[in-house]
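Chemist: sequence unknown, structure follows:
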Ligand SMILES: NC(=O)c1ccc[n+]([C@@H]2O[C@H](COP(=O)([O-])OP(=O)(O)OC[C@H]3O[C@@H](n4cnc5c(N)ncnc54)[C@H](O)[C@@H]3O)[C@@H](O)[C@H]2O)c1
Ligand SMILES: O=c1ccn([C@@H]2O[C@H](COP(=O)(O)OP(=O)(O)O[C@H]3O[C@H](CO)[C@@H](O)[C@H](O)[C@H]3O)[C@@H](O)[C@H]2O)c(=O)[nH]1
């Protein structure tokens, strides 16, 4: 089988298919990425991916190429190319998908299955299916729900498999072929939902929109907590006891980033607007707006920690990745915060255990320092922006001896505030007015 697009999704998918026992060719237009993957190197940081790539190569089941003709002879093809936000608008940019479909079409044979895994606006599959009709291949939509940082485990043990298939025998045959592809997962009890293509496309978009909604809901409540003297972390903890609500994605803080949630919320807004569905448009616009406010709010906390003026203040930002366990800096809330601080006149030094190279490439005007202790030296404020374990476990006494002033802003609620206070730090955190009151009392 073939996998078109070997980024965070496709490289993991290709390696996982090889693990399931299939012969796999990965196709990507990025020659550097193909060279790295062909040499068995993961082109980005993702735990366990290098091991899976090495395994696939050693078994002779996994190869990579820049030539789409390499997909010839495969009977199942997975579309895993990027669908980023279009420059200057919220819509999804489907250019890469259209190019991949054009490149694939000449090698397709009647009865082949093309499975779209990229996240797309509802209605895209119908359009792609029309384009593929002359080839006789069947298009299914088979969205992917993996999380970066857990991508290998999520691909080999997904919560669910979703097949969006056309009606009729072609659809049933394609579903049966996907059952063979995912045989070991189904045998292990992974639930599978067979539906139409539009529902499958939306199953993915709606899941991400819902996760984003939970995060923004909690951040809105954190704003209420600050205004009223309540505590957002304790509030989230009490809500989590209700199994109808659940504790996942209720962690207040700097908000959601990455290559998925922000652009998928905006693409859903744009598509709902096109379809004339005002409720989804305005609802998700607010989810996005609350998320944008989270970084602005964190920047204000840093200003307060600095005594009201950021001009010339030295601020160390712990974390550049959009979340721990990844080197991905797409729409990283940490970097958005760092940029705001620079705008306000601060001298910002960013550190991160994995993401510095990508951060430096996309945000060249920020200062960078790979070593956390060197980064902290002479700082007026320390900001915890990405909750890597290495930052959670920093010794506030050791860091306290390096900085100029002991102010810490915990934008992810990841530090032991009592331990930091005992070491002489003033601690600032979103949605924790009571702590702030305690501090000034
Ligand atoms: N990253 C995730 O965690 C994740 C999870 C689930 C779904 N998704 C969705 O999967 C899709 C891919 O996301 P990603 O994070 O892997 O993006 P990415 O940017 O990391 O990877 C996309 C890859 O596609 C390649 N590409 C572009 N045009 C191509 C073409 N014509 N032919 C072959 N390759 C081409 C690029 O060179 C790149 O390597 C998106 O729709 C995304 O929303 C991503
Ligand atoms: O309570 C929470 C949980 C997460 N986040 C933030 O939300 C963002 C996204 O986190 P996560 O969902 O773990 O990352 P992704 O790897 O982007 O995964 C999401 O996006 C993928 C791509 O579509 C989907 O496949 C996954 O199911 C979906 O979880 C990160 O910035 C987190 O810091 C919070 O702020 N609070």
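Modeler: Structure's in. What do you need? Worth saying up front: this structure is predicted, and the values here are computed from it rather than measured. Residues are numbered from 1 along each chain as shown. Ligands and ions are numbered 1, 2, ... in the order given.
Chemist: And stretch 188-203, end to end?
Modeler: End-to-end distance of stretch 188-203 (CA to CA, to the nearest Å): 22 Å.
Chemist: Stretch 188-202 too?
Modeler: End to end - CA to CA - stretch 188-202 spans 26 Å.
Chemist: Might you calculate how far that stretch sits from the centre of the chain?
Modeler: Stretch 188-202 sits 21 Å away from the centroid of its parent chain (CA atoms, centre = their mean, to the nearest Å).
Chemist: got the contact list for it?
Modeler: 120-126, 129, 139-143, 157-167, 175, 179, 182, 186, 203 (CB atoms under 8 Å, 6 or more residues apart in numbering). Bear in mind the C-beta positions are built from the backbone N, C-alpha and C, glycine included.
Chemist: ditto for stretch 275-284
Modeler: For stretch 275-284, contacts defined as CB under 8 Å, 6+ apart pick out 209, 212, 213, 265, 268, 269, 272, 273.
Chemist: what's near enough to touch the last one?
Modeler: Contacts for residue 273 (CB under 8 Å, 6+ apart) come out as residue 281.
Chemist: near ligand 1, which residues of this protein show up?
Modeler: By CB under 6 Å from any ligand atom, the residues of the chain that approach ligand 1 are 4-10, 27-30, 33, 80-83, 96, 99-100, 103, 118-119, 144, 146, 148, 259-260.
Chemist: count of residues packed around the nearest residue to residue 392 once chain neighbours are set aside?
Modeler: With sequence-adjacent residues excluded and distances taken as CB to CB, 6 or more residues apart in numbering, residue 392 is closest to residue 414, at 5.0 Å. Neighbours of residue 414 under the rule other CB atoms under 10 Å: 21.
Chemist: for the protein, which spans come out with low pLDDT?
Modeler: 433-441 (pLDDT under 70).
Chemist: Of all the residues in it, which one is nearest ligand 1?
Modeler: Nearest residue of the chain to ligand 1: residue 7, at 1.8 Å (CB to the nearest ligand atom).
Chemist: My guess is that residue contacts residue 80. True?
Modeler: Yes: under the criterion of CB atoms under 8 Å, residue 7 makes contact with residue 80 at 7.1 Å.
Chemist: So for these two, which residue has more residues nearby?
Modeler: Comparing residue 7 with residue 80 by other CB under 10 Å, the one with more neighbours is residue 80, at 27 against 20.
Chemist: quick one on the thing from earlier: generate a PyMOL selection restricted to the buried subset of the residues of the chain next to ligand 1.
Modeler: Remark: buried members of these, expressed as a PyMOL selection using 16 or more other CB atoms under 10 Å:
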select buried, resi 4+5+6+7+8+9+10+27+28+29+33+80+81+82+83+96+100+103+118+119+144+146+148+259+260
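Chemist: Now go through the residues of the chain next to ligand 1 and say which are in strands.
Modeler: Among the residues of the chain next to ligand 1, the ones falling in strands (DSSP state E) are 4, 27.
Chemist: The residues of the chain next to ligand 1 also near ligand 2: which ones?
Modeler: Filtering those for neighbours of ligand 2 using CB under 6 Å from any ligand atom leaves 119, 144, 146, 148, 260.
Chemist: Tell me who's in contact with the last one.
Modeler: By CB under 8 Å, 6+ apart, the contact list for residue 260 reads 119, 208.
Chemist: Any figure for the gap between it and residue 220?
Modeler: 21 Å (CB to CB, to the nearest Å).
Chemist: With the first one instead?
Modeler: For residue 119, the distance to residue 220 equals 25 Å [CB to CB].
Chemist: Residue 56 now?
Modeler: 45 Å.
Chemist: Neighbour count: the two, which is higher?
Modeler: Neighbours per residue (other CB under 10 Å) separate residue 56 from residue 220, with residue 56 holding more: 24 against 17.
Chemist: hang on, the earlier thing: among the residues of the chain next to ligand 1, which lie within helices?
Modeler: 10, 33, 96, 99, 100, 103 (DSSP state H).
Chemist: what's stretch 388-405 in contact with?
Modeler: 314, 316, 318-319, 321, 324, 352-353, 372-373, 376-382, 384, 406, 408, 414-415, 419-420, 422-425.
Chemist: Which ones among those residues map onto strands?
Modeler: Checked against DSSP E, those include these in strands: 314, 316, 318, 381, 382, 384, 408.
Chemist: May I ask which of the residues you listed has the most neighbours?
Modeler: Highest count within the ones in strands among the contacts of stretch 388-405 by other CB under 10 Å belongs to residue 318, 32 neighbours.
Chemist: which residues touch that residue?
Modeler: Here residue 318 is in contact with 351, 352, 372, 375, 382, 383, 384, 385, 386, 388, 391, 394 (CB under 8 Å, 6+ apart).
Chemist: Would you convert those into JSON lines that also reports distance to residue 49?
Modeler: Shown next, in JSON lines, are the contacts of residue 318 (distance: CB to CB, whole Å):
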{"residue": "351", "distance to residue 49": "24"}
{"residue": "352", "distance to residue 49": "19"}
{"residue": "372", "distance to residue 49": "25"}
{"residue": "375", "distance to residue 49": "28"}
{"residue": "382", "distance to residue 49": "32"}
{"residue": "383", "distance to residue 49": "30"}
{"residue": "384", "distance to residue 49": "27"}
{"residue": "385", "distance to residue 49": "25"}
{"residue": "386", "distance to residue 49": "20"}
{"residue": "388", "distance to residue 49": "18"}
{"residue": "391", "distance to residue 49": "23"}
{"residue": "394", "distance to residue 49": "28"}
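Chemist: wait, which of the residues you listed is closest to ligand 2?
Modeler: When these are compared against ligand 2 (criterion: CB to the nearest ligand atom), the nearest one is residue 386, at 7.5 Å.
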